[in-house]
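Enquirer: Structure for the following, please:
(one chain, ligands or ions: 1)
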Amino acid sequence: MAAPIIRVGSTDKEVSKDLCQFVIDKATSSIKEKGIFTVGVSGGSLVKYLCNGLPSFTTDWTKWRIFFCDERHVSYDNSECTYSLYKTGLVDKVGMPPENIFPINPDLSVEDAAVDYEKKLRSVFPGTDIPRFDLLLLGMGPDGHTCSLFPGHQLLEEKTRIISPISDSPKPPPARVTMTYPIINNSSCAVFASCGEGKADIVQRVLEGNEDVLLPAARVRPTNGEVIWYLDKGAASKLKNI
Ligand SMILES: O=C(O)[C@H](O)[C@@H](O)[C@H](O)[C@H](O)COP(=O)(O)O
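Expert: Predicted coordinates for the structure are as follows:
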């Protein structure tokens, strides 16, 4: 895999604008090429970056298929529910058909919700052993986690399941459903967005560190794909090689 591409904006607002432009360009080329755009989104600050920027763009929203790189296993009316944040912040705003976004079912147990979600996901990628997303949009926590894949967790070693439950997430809430590396590293393009000086240390460790135990975000290395980092000046402030 080629080295990650790093794009630095002066503020988080500029990161949001540049990131959304990139997402729209990806969608445009995927829709032109295949008639569909498959994208995975994450929670946390990424919700703000995408929902503040994407609604102002023109695209054929009917051709989008939005999945979740991870989701908290909480009811839809819980403020922690990532799906509900995108439903109100993007889907309803742009008039996207609600059937084009695929939530995790909070009424099932976390294990059954993961199985149910994988079935829904595979229905959009018929005939493929491991679905290949056009784009995965990721965040990274201060400990280097991404999706709901946390340092030292046995899920980092998952080699067969593409979607897995987790019930001991160190980042609350504890119960979640997450993509695993087999599907993440089969994507065409994985994009991280991180802003703020609080992320500077972990960004430097992930992008320039040579730690023998790779941090979860550093393990995102699509076999036939690219990794792009959208950072603001604060998050990039400790990088030496840019
Ligand atoms: O739902 C979640 O909790 C996320 O998917 C999680 O992986 C998030 O992306 C990181 O924790 C970074 O979050 P921030 O960008 O808000 O620090």
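Enquirer: For residue 210, give its distance to residue 129.
Expert: From residue 210 across to residue 129, the span is 33 Å (CB to CB, to the nearest Å). C-beta coordinates here come from the backbone N, C-alpha and C atoms, glycine included.
Enquirer: More neighbours: which of these two?
Expert: Between residue 210 and residue 129, residue 129 has the larger neighbour count (other CB atoms under 10 Å), namely 10 against 6.
Enquirer: for the protein, what spans make up the helices?
Expert: Assigned by DSSP state H, the chain shows helices spanning 12-34, 45-53, 82-86, 92-94, 110-124, 181-184, 200-208.
Enquirer: Any idea what residue 193 is bridged to?
Expert: residue 230 (DSSP bridges).
Enquirer: Would you confirm that it contacts residue 235?
Expert: No: the criterion here is CB atoms under 8 Å, and residue 193 misses it with residue 235 at 9.1 Å.
Enquirer: how many neighbours does the residue nearest to residue 17 when sequence neighbours are not counted have?
Expert: Nearest non-adjacent residue to residue 17, counting by CB to CB, 6 or more residues apart in numbering: residue 53, 5.8 Å away. Applying other CB under 10 Å, we find 20 residues neighbouring residue 53.
Enquirer: same thing with residue 205?
Expert: As a burial measure, residue 205 scores 16 neighbours (other CB under 10 Å).
Enquirer: same question, residue 65
Expert: Look at residue 65: counted by other CB under 10 Å, it has 18 neighbours.
Enquirer: Then the one 10 residues further on?
Expert: One way to gauge burial is a neighbour count; for residue 75, by other CB under 10 Å, it gives 11.
Enquirer: May I ask you to confirm that it is in contact with residue 106?
Expert: Yes: taking contacts as CB under 8 Å, residue 75 lies within contact range of residue 106: 4.9 Å.
Enquirer: any low-confidence regions in the chain?
Expert: Along the chain, no part satisfies pLDDT under 70.
Enquirer: circling back to that earlier point, overlap in contacts, residue 75 and residue 106.
Expert: Shared contacts of residue 75 and residue 106, defined by CB atoms under 8 Å, 6 or more residues apart in numbering, comprise residue 81.
Enquirer: who in this protein is up against the ligand?
Expert: Proximity of the chain to the ligand, by CB under 6 Å from any ligand atom, involves residues 42-46, 70, 82, 139-141, 145-147, 171.
Enquirer: Just the closest of the residues you listed to residue 220, please.
Expert: Proximity of those to residue 220 (CB to CB) peaks at residue 146, which lies at 6.3 Å.
Enquirer: That closest one - nearest residue in space that isn't next to it in sequence?
Expert: Using CB to CB, 6+ apart, the closest residue to residue 146 is residue 217 (4.4 Å).
Enquirer: Could you list which residues are in contact with that neighbour?
Expert: When contacts are counted by CB under 8 Å, 6+ apart, residue 217 touches 138, 140, 144-146, 192, 202, 206.
Enquirer: Show me the two of those residues that sit farthest apart.
Expert: Maximum distance among the contacts of residue 217 (CB to CB): 13.4 Å, for 138 and 202.
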